[in-house]
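Asker: Need the 3D shape of this:
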Amino acid sequence: MSKLLEVNHLVLEFNSERGNTRAVDGISFSLDQGETLGIVGESGSGKSVTALSIMRLLPSPPAKIISGEILFHQPSTVNLLSLPDQGMERIRGAKIAMIFQEPMTSLNPVFRCGHQVTEAIQLHQKASFAEAKAQTLKLFERVKLPDPLRIFNAYPHQISGGQKQRVMIAMAMSCNPSLLIADEPTTALDVTVQKTILDLMHELKAESGLSMLFISHDLGVISEICDRVVVMFQGKIVEEGPVDQILRQPEHPYTRGLVACRPSLKHKLRRMPTVPDFLEHNHFDSRVITPAETRLRQQTLQAQEPILKVKDLSVRFPAKKNWLGRPTEWLNAVNEVSFDIYPGETFGLAGESGCGKTTLGRTIARLTEAHLGEVWYKNVDLQKLSEEEFRPYRREIQVVFQDPYSSLNPRMGIGEAIVEPMQVHKLHENDRARREKAIELLETVGLHADHFQRYPHEFSGGQRQRICVARALALEPRFLVCDEMVSALDVSVQATVLNLLMDLQEKFGLTYLFISHDLSVIKQMCDRLLIMNQGKTEALGFPEEIYRNPEREYVRQLIHAIPGE
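Answerer: The predicted model follows:
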C-alpha cells in the first residue's frame, strides 16, 4: 500500500516557568492508505500531542516543535509543519479530520448540533445552507442517529454522550476526509455505546476507504479496530507492530504492563499488576483467586446481618410540568429495586448510563429523595429520619464521585479540602490534630505530606481520585459509595486505584457499593452484582454465575460488548 502520512523524527517541547518539558522525543511512524494505526499509552505519553501536531492545533506558545517533519501524501506530498496557515486551513477538516476525546467540550454549547455540522460543509464545499442541511441530515442517518431532524435542532446538552460522539463523527466525515484522527473517542462511554461507536467507525472505513489514526489508552479497544499499533511512553515509541503480535507477545516492559493491568472477565486477581511493577521489575502478587476461596468469602460475608437493606426502592423525577409549575408526568429513575449488602462486602451496581445506578447510590446517601420504599442501615430506616437525625449517618456513609476534578474546589488546597469535613463534624481536638490526620490520610492513599498545600489542578486524574478517597475517609466512614470512580482513568492508574480500594477495605473493614459500567472491573472488585436497566433489576447474584449463564438478553449484550474479551 502507498503511504498516506509519515511522521519523521518529531521533537516537541512545552515551555513554562519551570523550564522546558519534552512531550514528544524524536518519534517516527507512517500510516498507509486504508489502514488503521493505533497509538496507545497512558496520559502524558505524548499520543494526543502527536495528533494535535498533525492537525497544527497546538497552542504556540507554550508548545514548540523543535525538529522533524509531518508529510501528508494527498494528492501531492506536503510537509504540514511548513505549510502557511491558509494552506493548512484548506487541509484541516477537508482532508484530515479529527474526533476529539470529550464531545461536550468539543461542541459549542450555544449552537444547535446541526448548525455546527453545516458550518463545516459550507466553509469547505461552498454550499448553500439548504444544501448543507440536506447533507447533514444524510450524515446523521449514516451515523445512525435516531430522529436526525430532532438532533439537528437540539443543543449539545439535550442529547446523550453517545449521540454527541456521533455528531462529532458526522462533522468529521462531512467533507469526506482521507485521514480521520480519533483521539480517545470512546473513553468513559458505556461498553454498549462504545461497541456501537467502534462498529460505526468500522463501517465508515469500509464504505469510504479512509485511513484512521486511533488513539487510546485501552489495548482492548485497540484490538477491536486497529491493524497496527504504536506504543508510546514518556514521549517515545517503545514498541511497534501488528496488533495481534503486540497483544500476544509484547516485548517492552511498559507494553507488558499495559496488557497485564487490564481486568479480565475470566479471572479475579489478589492484586492488580501495574505498569511500574513491570518497569521496576517488582515482584507482585498476581495469583488468581480460586473458586474455593471465593465461596469461602461469600459464606463468611453472608453469615452476618446485612449492614444495608434496600426494599422496593423507587425514585422519580418530574418529566413535564404545567403552567403552574406542578408536575404532570414523571420519569421513574429507579423502580422497585431490592437488595442487601453485608459488612465488608463489595457490592457491584452495573448498567448503561441512564439505567438509574447513580440515582440509586445517591438515594442511599440521602443526596436524592426516594419516592417509595425503604433504605435500612444498621436496622434504622434512613428515609424516616430528619436531616438533623441523619447527620451522624452522613459521617458513616460517604460518596466518591465519578469526576474528581469537579468534586474538589479548585480554589481550595487539597489539605484544606480534607480538613474541612472534620471541622464540620467536630472530629479530633483541634486544627493541628486535624492537619496531622489529613497528612496521615494523604500518605495512606499513596500521596505525600508536601502535597498538603497544593491545588487540585496540580495533580493527575488518578491522584485527584486518591484525594477524593482521602477526603471520604476523613470522617471514618463504614460504608462507601464509589460512583464510576475509575471509568475515565488510564488502565494502569485504574489498577492502582483498585488496589488502593482493596487495601483500604482490608485495613479499615469498609463496605463498598461499587458503581460501574465496566463488567471486567466489577469482576475484579465485587463479591455480588446487581445489573440495572431502565430503573429495574435485570440480574442479581454472584458475578461469575451471571457472566457464565446470563439469563437476560440485555445482560448478554453487556458482556459481549466488552472489547478484547
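
Asker: Point me to the helix or strand that includes residue 229.
Answerer: strand 228-233 (DSSP states H and E).

Asker: er, residue 101 I mean
Answerer: Secondary structure (DSSP H and E) places residue 101 outside all helices and strands.

Asker: quick one, what contacts it?
Answerer: 48, 183-185, 187 (CB atoms under 8 Å, 6 or more residues apart in numbering). Glycine gets a C-beta too; all of them are placed from N, C-alpha and C.

Asker: swap the cut-off to 7 Å and go again
Answerer: By CB atoms under 7 Å, 6 or more residues apart in numbering, residue 101 lies in contact with 183-184, 187.

Asker: Which member of those residues is positioned nearest residue 113?
Answerer: Of all these, residue 183 has the smallest distance to residue 113: 19.7 Å, by CB to CB.

Asker: Is the closest one in contact with residue 215, as I believe?
Answerer: Yes. At 4.7 Å, residue 183 counts as touching residue 215 under the criterion of CB atoms under 7 Å.

Asker: who's more crowded, those two?
Answerer: residue 215 (27 against 22; other CB atoms under 10 Å).

Asker: hang on, the earlier thing: shared neighbours of residue 183 and residue 215, which are they?
Answerer: 48, 51.

Asker: hang on, the earlier thing: from the contacts of residue 101, which is closest to residue 81?
Answerer: residue 183 (19.1 Å).

Asker: per-residue pLDDT, that closest one?
Answerer: Predicted confidence (pLDDT) for residue 183: 89.

Asker: mind listing what it touches?
Answerer: Counted by CB under 7 Å, 6+ apart, residue 183 has contacts 48, 51, 98-101, 215.

Asker: State the distance from it to residue 57.
Answerer: Distance of residue 183 to residue 57, given as CB to CB, to the nearest Å: 11 Å.

Asker: quick one: low-confidence parts of the stretch 1-150 of the chain?
Answerer: 1, 103-104 (pLDDT under 70).

Asker: ignore the last one, the chain
Answerer: For the chain, the ranges with pLDDT under 70 are 1, 103-104, 188, 564-565.

Asker: Tell me which residue is most central in it.
Answerer: What sits nearest the mean C-alpha location of the chain, by CA atoms, centre = their mean, is residue 488, with 2.2 Å.

Asker: does that one really touch residue 187, like I thought?
Answerer: Yes. Between residue 488 and residue 187 there is a contact under CB under 7 Å: 6.1 Å.

Asker: Give me the neighbour count for residue 220.
Answerer: 20.

Asker: Pretty sure it sits in a strand.
Answerer: No. Read with DSSP: H, G, I helix; E, B strand; the rest coil, residue 220 is helix and lies in no strand.

Asker: Please tell me how far it sits from residue 273.
Answerer: 16 Å.

Asker: What of residue 231?
Answerer: On the measure of CB to CB, residue 231 and residue 273 end up 17 Å apart.

Asker: now residue 154
Answerer: 44 Å.

Asker: From residue 125, how far off is residue 75?
Answerer: 17 Å.

Asker: Comparing these two, which shows the higher neighbour count?
Answerer: residue 125 (15 against 8).

Asker: So for the more buried one, what's the nearest residue that isn't a sequence neighbour?
Answerer: Distances taken as CB to CB, 6 or more residues apart in numbering put residue 175 closest to residue 125, at 6.6 Å, once the chain neighbours are dropped.

Asker: Assign the closest residue to residue 222 other than its chain neighbours to helix, strand or coil.
Answerer: Computed as CB to CB, 6+ apart, the closest residue to residue 222 that is not its neighbour in sequence is residue 38, at 4.1 Å. With three-state DSSP as the basis, the three-state label of residue 38 is strand.

Asker: so residue 38 touches residue 220, yeah?
Answerer: No. Applying CB under 7 Å as the test, residue 38 and residue 220 come out as separate, 11.3 Å apart.

Asker: Report the inter-axis angle for the helix or strand harbouring residue 14 versus strand 36-40.
Answerer: In this assignment (DSSP H and E), residue 14 forms part of strand 3-16. Per axes from the mean of the first three to the mean of the last three CA atoms, to 10 degrees, the angle that strand 3-16 makes with strand 36-40 is 20 degrees.

Asker: Go through the helix or strand that strand 3-16 is followed by and flag the buried ones.
Answerer: Under the assignment DSSP H and E, the closest C-terminal helix or strand after strand 3-16 is strand 19-32. Buried residues in strand 19-32, counted by 16 or more other CB atoms under 10 Å: 23-27, 29-31.

Asker: can you give me the helices in the stretch 401-550 of the chain?
Answerer: Assigned by DSSP state H, counting those that start in this stretch, the stretch 401-550 of the chain shows helices spanning 404-407, 414-424, 431-444, 461-473, 491-508, 519-525, 543-548.

Asker: okay, the ones you listed in JSON lines with mean neighbour count and distance to residue 383 next?
Answerer: Converted to JSON lines, these look like this (neighbours: other CB atoms under 10 Å; distance: least, CB to CB, whole Å):
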{"stretch": "helix 404-407", "mean neighbour count": "17", "distance to residue 383": "25"}
{"stretch": "helix 414-424", "mean neighbour count": "19", "distance to residue 383": "23"}
{"stretch": "helix 431-444", "mean neighbour count": "16", "distance to residue 383": "31"}
{"stretch": "helix 461-473", "mean neighbour count": "23", "distance to residue 383": "22"}
{"stretch": "helix 491-508", "mean neighbour count": "20", "distance to residue 383": "27"}
{"stretch": "helix 519-525", "mean neighbour count": "23", "distance to residue 383": "27"}
{"stretch": "helix 543-548", "mean neighbour count": "18", "distance to residue 383": "29"}
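
Asker: nearest to residue 390, of those helices?
Answerer: helix 414-424 (14.2 Å).

Asker: ok, residues contacting that closest one?
Answerer: With CB under 7 Å, 6+ apart as the criterion, helix 414-424 contacts 408-409, 428, 434-435, 437-438, 441, 451-454, 456, 467, 470-471, 474-475.

Asker: Kindly recompute the last result at 6 Å.
Answerer: 408, 434, 438, 452, 467, 470-471, 474-475 (CB atoms under 6 Å, 6 or more residues apart in numbering).

Asker: With stretch 462-481 instead?
Answerer: Against stretch 462-481 from outside (CB under 6 Å, 6+ apart): 361, 365, 395-400, 404-405, 407, 414, 417-418, 421-422, 441-442, 445-447, 456, 485, 489, 493, 497, 510-513.

Asker: Now do the strand holding residue 229 and strand 3-16, the angle between them.
Answerer: 10 degrees.

Asker: Now do residue 120 against residue 93, distance only.
Answerer: 6 Å.

Asker: and what of residue 50?
Answerer: Distance from residue 50 to residue 93, by CB to CB: 19 Å.

Asker: Check which helix or strand residue 273 maps to.
Answerer: Going by DSSP H and E, residue 273 is not in any helix or strand.

Asker: tell me the contacts of it?
Answerer: Counted by CB under 6 Å, 6+ apart, residue 273 has contacts 260-261, 284, 286.

Asker: now, which of these sits nearest residue 79?
Answerer: Nearest to residue 79 among those, with distances taken as CB to CB, is residue 261, at 38.1 Å.

Asker: So that closest one sits against residue 493, correct?
Answerer: No. With contacts counted by CB atoms under 6 Å, residue 261 stays clear of residue 493, the gap being 9.1 Å.
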